[in-house]
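Enquirer: Would you be able to build a 3D model of this:
(2 chains)
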Amino acid sequence: MSEITELSIAQQAAAIKARKISPVELAKAYLARIDAYNDKVNAFVTPTPEIALKEAKASEAAIMRGRWQGPLHGIPIGHKDLYSTKGVRTTAGSRLLKRHVPKEDATVVARYKAAGTVLLGKLNTHEFAYGPTNAESCFGPSRNPWDLSRFTGGSSGGSGAAVALDLCAGATGSDTGGSIRIPSSACGITGIKPTYGRASRAGIFPLCWSMDHPGPMAHSVEDCAILLQPIVGQDPRDPTTVDRPIADYRAALRGSIKGLRIGLPKHYFYSRALPAVEKAVLKAVDVLKSLGASVRVVNIPHIDHAAAAAVTMYLCEASAYHDDVIGTKGDAFTEQVRLFVELGNYVPAKDYLHAQRFRTLLGREIAEVMETVDVLALPTLPITALKLGQETIDIRGKQDGVFGSLIRNTEPFNLTGLPVVSVPCGFDGDGMPIGLSIAGRPFDEARILRVGHAYQRVTDWHRRRPKL
Amino acid sequence: MPPRKKLTQPTIKGAASELAGLPLGPGRAKLHAETLEGLVSEIARLRDLPLKEVEPAFIYRPIEPRARRSK
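Expert: Okay, the predicted model is just below:
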């Protein structure tokens, strides 16, 4: 294994700034790993080695001239294939777009370019981000590097596998029902879904306009903080972005969490979790307690209806988006995505509005809870990565559907738009990663990052790597 | 409100062709009816929630005309 690809982004940035490693050397090290391992996990669907080397050389030249731009200058990353990349094929994992080459970058892509990142390529996604496994893609499924017979989680599955296996230093994901956090948890990495309105969705194929969130994925919270910084803030191309104060996320990692009040929403978020998952997450909460946090159980009265509201949102908004092609090119979709798009035709408008009203109700109830605690701690997923194709799982003596289980704990935060970071917190008996989610108040990304970083300062789950 | 009746294939076929403009073959209507029944029974439960005084979670933003470009 090439050693420089094992370094964190923070370490790589320091070494690049000090001219101890060159961006070209770093890009070549990742390209070599992509050559060696990508076929096993199917993470990169469009590698861009020529672009990577060109951008790395430009970074190197600038740095040699004393023009170091910041901690992302010369850092090799990948973009989920849902993000438009000017001049680079962008398919959304769909046969419908197999030859689509955008003329413009997504705002997030443009901002990473401006920060000096190096593009290694485009990463596999569940078709149009419409599923939590990444099993359905025109390129075939991405595979979990901890066990190649299992799913990565999705929809940002290529991003999860690529980061876990050090095929890139960091990656973008997008999250409509959990699509950053699900593969982060399933692949043993860190991912943050910022508050709705914090980062621009412009140039990213929509799944569900009112619940889509862009965000970064990397090994550590510190690296996610570095990756989050350039992509937040108002964007005229996305009217949902807001003009709110932006913290220095890396600086905000400093300091203790003494006195932090953690809420445990035991009902719903823990009640359908596998015992091994619950045990690992509660152990992680104990670690946070040992660092000075206090813990209390909290209750969100109508949380049991979150799944119904979320599925209403997906069905209606995704069907509206794909309405121009589903009737004439339905066969081009993968079967599961086609079915979901078609089913949106039958949901009455009043139920869509009830779901939107429920979002207000749920937001109020969580805000009320957040008056008594600073963050919520919960299992990112009730389960771990399962075999590709597995449709149900026995949890505490009852069969749960895998799709529903994967999004159960994540989608309430898409409905409410609250920020959440997922950090690795252990492994199950099969050696599959488990994730802890820390959810915060609106626009309080700094606090959840600080909590996650405090946890990673005293644990090493985020430093574990799969062995292929 | 009277209880909702179980979805049937003729209902699905009619809604697909007459409302959505996407006619379905018999196999597809069966798949839709079976898959949708479980989802709709959950979605319909939202109607029983205390939402009378709750507004939907979206805000319409009036769109300003673009500023005229200076020559």
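Enquirer: Wait, B:Arg45 touches A:Ala308, no?
Expert: Yes: with contact defined as CB atoms under 8 Å, B:Arg45 counts as touching A:Ala308 (5.9 Å). Every C-beta, even on glycine, is put in place using the N, C-alpha and C of the backbone.
Enquirer: Can you report how many residues neighbour A:Ala18?
Expert: Other residues within reach of A:Ala18 by the criterion other CB atoms under 10 Å in any protein chain shown amount to 9.
Enquirer: Also B:Ala20?
Expert: A count of neighbours around B:Ala20, defined by other CB under 10 Å, yields 17.
Enquirer: cool, A:Glu335 as well?
Expert: Counted by other CB under 10 Å, the residues lying close to A:Glu335 total 11.
Enquirer: tell me which parts of the stretch 201-350 of chain A are close to chain B?
Expert: By CB under 8 Å from any CB of the partner chain, the residues of the stretch 201-350 of chain A that approach chain B are A:210, A:239, A:302, A:305, A:307-309, A:311-312, A:315, A:326-327, A:339, A:342-343, A:345-347, A:350.
Enquirer: could you pull out the helices for chain B?
Expert: Across chain B, reading from the start of the chain, the helices by DSSP state H fall at B:9-14, B:26-43.
Enquirer: Looking at those, which is nearest to chain A?
Expert: Of all those, the one in closest proximity to chain A, counting by CB to the nearest CB, is helix B:26-43 (4.1 Å).
Enquirer: Give the buried residues for the closest one.
Expert: Neighbour counts using 16 or more other CB atoms under 10 Å in any protein chain shown place B:Arg28, B:Ala29, B:Leu31, B:His32, B:Ala33, B:Leu36, B:Leu39, B:Val40, B:Ile43 of helix B:26-43 among the buried residues.
Enquirer: what's the answer for stretch A:417-429, then?
Expert: Buried positions in stretch A:417-429, judged by neighbour count with 16+ other CB under 10 Å: A:Gly417, A:Leu418, A:Pro419, A:Val420, A:Val421, A:Ser422, A:Val423, A:Pro424, A:Cys425, A:Gly426, A:Phe427, A:Asp428.
Enquirer: same deal with stretch A:46-58?
Expert: For stretch A:46-58, a neighbour-count test (16+ other CB under 10 Å) marks A:Thr46, A:Pro47, A:Thr48, A:Pro49, A:Ile51, A:Ala52, A:Leu53, A:Glu55, A:Ala56 as buried.
Enquirer: Give me the nearest residue to the second one, chain neighbours excluded.
Expert: Which is A:Pro47. Computed as CB to CB, 6 or more residues apart in numbering or on different chains, the closest residue to A:Pro47 that is not its neighbour in sequence is A:Gly121, at 3.8 Å.
Enquirer: Let's verify the one you found: helix, strand, or coil?
Expert: At A:Gly121, secondary structure determined by DSSP: H, G, I helix; E, B strand; the rest coil is strand.
Enquirer: what's around it, how many residues?
Expert: Counted by other CB under 10 Å, the residues lying close to A:Gly121 total 29.
Enquirer: my read: it touches A:Thr48, true?
Expert: Yes: the pair formed by A:Gly121 and A:Thr48 meets the contact definition of CB under 8 Å, at 4.5 Å.
Enquirer: ok, B:Arg45 and A:Ala308, which is more surrounded?
Expert: Between B:Arg45 and A:Ala308, A:Ala308 has the larger neighbour count (other CB under 10 Å), namely 21 against 14.
Enquirer: Roughly how far does A:Asp81 sit from chain B?
Expert: If you measure A:Asp81 against chain B using CB to the nearest CB, to the nearest Å, the figure is 27 Å.
Enquirer: Spatially nearest residue to that residue, not counting backbone neighbours?
Expert: Counting by CB to CB, 6+ apart, A:Asp81 lies nearest to A:Lys122, which is 4.3 Å off, once chain neighbours are set aside.
Enquirer: and the one you found, what pLDDT?
Expert: A:Lys122 carries a pLDDT score of 98 in this model.
Enquirer: and if you look at the one 4 residues further on?
Expert: As predicted, A:His126 sits at a pLDDT of 98.
Enquirer: I'd like to know which elements the helix or strand containing A:Glu25 is packed against.
Expert: Applying DSSP states H and E as the criterion places A:Glu25 in helix A:23-41. When contacts are defined as 3 or more CB pairs under 8 Å, 6 or more residues apart in numbering or on different chains; DSSP states H and E, helix A:23-41 sits against helix A:9-17, strand A:44-47, helix A:49-64, strand A:76-80, strand A:118-123, strand A:143-144.
Enquirer: As CSV, could you dump the C-alpha coordinates of the longest one?
Expert: Only the C-alpha atoms of helix A:49-64 are listed here, as CSV (Å, rounded to 0.1, in the frame of the first residue of the first chain):
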residue,chain,number,x,y,z
PRO,A,49,-6.5,10.3,-14.9
GLU,A,50,-5.5,12.9,-17.5
ILE,A,51,-7.5,15.6,-15.7
ALA,A,52,-6.0,14.5,-12.4
LEU,A,53,-2.4,14.7,-13.6
LYS,A,54,-3.1,18.0,-15.4
GLU,A,55,-4.6,19.6,-12.3
ALA,A,56,-2.0,18.1,-10.0
LYS,A,57,0.8,19.6,-12.2
ALA,A,58,-0.9,23.0,-12.1
SER,A,59,-1.2,22.7,-8.3
GLU,A,60,2.4,21.8,-8.0
ALA,A,61,3.5,24.7,-10.2
ALA,A,62,1.4,27.1,-8.2
ILE,A,63,2.7,25.8,-4.9
MET,A,64,6.3,26.0,-6.1
